[in-house]
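>>> one predicted model, sequence on top.
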Amino acid sequence: MGVVGAMDRFQQRHRWAGQPIAVIYKFGDDQAGYLTALITYYGFVSLFPLLLLLVTVLGFALQNDPELQQRVLDSALAQFPVIGDQIGANIHSLHGSVPGLIFGIAGSLYGGLGVVQATQNALNKMWGVPRNARPNPIAARLRSLLLLAVGGTAILATTALSAVTATAGPYGSGVRIAAIAVAIAINIVLFTAAYRILTAHPLTTAQVRGAAIAAALIWQTLQWAGAFLLAHALQGATATYGLFGIVLGLLAWIYLGALTFVACAEAHIVHTRRLWPRSLLTPFTDSVHLTPADQAAYTSYAETERHKGFENIDVDFNPPDD
């Protein structure tokens with residue numbers, strides 16, 4: 001225990017070591033991996049209806065310019081840099097139609113509401129919002145619809161950016177750089193809205209700004225990394241695995257996006273509520289002296305399960321068995 005004890009004392013004294021450990025421990029305590037997987041599932045369910053809706057709208061709006069249709073679609077598929085070409089190959093034959101529009105709207109609404117509801121549940125659990133303090137089923141879905149409206153506006157804005165970039169001509173490089181900057185700004189606004197709207201705990205823009213900026217920058221970095229891998233290491237690899245590769249690639253890519261969102265939220269909560277330093281051995285044994293941050297975290301987990309306002313939850317900690 002001498003070495004472990006020395007490591008524990010070191011990480012508790014140094015914020016740069018103790019805070020990341022506290023984020024990892026809270027991620028595990030909240031079972032955030034499962035929360036991320038649920039967001040990923042609904043994201044996967046909503047993706048193809050969204051793409052069908054995009055293709056249908058492009059078919060109506062740009063029916064006289066097939067080349068521009070394809071450029072805008074390619075720009076949208078660039079959000080999935082490793083498997084975007086495979087997705088495009090499987091939807092290139094779709095054309096604008098009323099049934100496609102109806103199915104796309106219905107599927108997108110179902111999957112989109114599922115994504116936002118799952119995200120709302122995740123944020124409330126991570127913030128330790130008691131169940132009785134969370135919105136009722138109707139209010140929760142109204143919140144989800146509000147964020148879907150914000151997200152839909154963001155998608156329209158990025159689609160417009162794609163169209164501008166596709167027709168930039170000789171000014172393409174400068175326009176692309178400006179488009180990336182605007183896209184990051186739009187993502188920051190979207191993440192800020194998500195962190196604020198979907199959390200029942202009252203938050204200000206200033207409180208969530210850091211998490212939103214981090215999530216937007218990490219997501220943009222992931223897109224660049226995916227594009228780099230496609231250009232230098234994975235050319236032709238996705239075509240080898242066909243549909244199986246598309247499904248796995250999509251799930252992995254959506255999971256990375258959801259993980260980015262959840263991990264940034266966890267880091268923000270640990271920082272805001274000073275849930276560090278944690279005892280190094282606290283996830284592994286009961287024979288451990290809990291820090292004040294440990295006690296605050298475990299108390300919040302118990303209070304999260306309060307179902308009624310007149311239900312009392314008292315948390316006490318006995319001395320550990322040495």
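Ah, there it is. The structure displayed is predicted, hence computed values, not measured ones.

>>> the host helix or strand of A267 - what's its average pLDDT?
Using DSSP states H and E, the element containing A267 is helix 237-273. Taken as a whole, helix 237-273 has an average pLDDT of 80.

>>> of all the residues in it, which ones are buried?
By neighbour count on 16 or more other Cβ atoms under 10 Å, the buried set for helix 237-273 is 238, 245-246, 249-250, 253-271. Bear in mind the C-beta positions are built from the backbone N, C-alpha and C, glycine included.

>>> next one: stretch 297-317
Buried, per 16+ other Cβ under 10 Å, within stretch 297-317: 297, 299-300, 303-304, 306.

>>> contacts for that stretch?
Residues outside stretch 297-317 that contact it (Cβ atoms under 8 Å, 6 or more residues apart in numbering) are 25-26, 29, 125, 128-132, 275, 278, 290, 295.

>>> also stretch 136-151?
The contact list for stretch 136-151 (Cβ under 8 Å, 6+ apart) reads 109, 112-113, 116-117, 120, 134-135, 189-190, 193-194, 197-198.

>>> now do stretch 193-212
Identification of contacts with stretch 193-212 by Cβ under 8 Å, 6+ apart yields 116, 119-120, 123-124, 127-129, 133-135, 143-144, 146-147, 150, 188-189, 191-192, 261, 264-265, 267-268, 271-272.

>>> if we go to 7 Å?
116, 119-120, 123-124, 127, 129, 133-135, 143, 146-147, 150, 188, 191-192, 264-265, 267-268, 272 (Cβ atoms under 7 Å, 6 or more residues apart in numbering).

>>> same check, this time on stretch 269-283
Residues outside stretch 269-283 that contact it (Cβ under 7 Å, 6+ apart): 4, 7-8, 11-12, 18-19, 21-23, 25-26, 28, 126-127, 207, 288-291, 293-294, 296-297.

>>> which of those residues are buried, as a ChimeraX select command?
Of those, the buried ones can be selected in ChimeraX as follows, counting by 16+ other Cβ under 10 Å:
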select :8,11,12,18,19,21,22,23,25,26,126,127,288,290,291,293,294,297
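
>>> okay, and which of the contacts of stretch 269-283 map to strands?
Judged by DSSP state E, strands contain none of the contacts of stretch 269-283.

>>> which residues does A214 contact?
C264.

>>> residue boundaries of the helices in the stretch 1-150 of the chain?
Under the criterion DSSP state H, counting those that start in this stretch, the stretch 1-150 of the chain contains helices at 2-13, 15-29, 32-61, 66-77, 84-91, 98-126, 137-166.

>>> hang on, the earlier thing: closest to W219 among the contacts of stretch 136-151?
L190 (10.1 Å; Cβ to Cβ).

>>> just give the number of residues close to the closest residue to the closest one other than its chain neighbours.
Spatial nearest neighbour of L190, chain neighbours left out: A154 (4.8 Å); criterion: Cβ to Cβ, 6 or more residues apart in numbering. Here the count is done by other Cβ atoms under 10 Å, and A154 has 16 residues near it.
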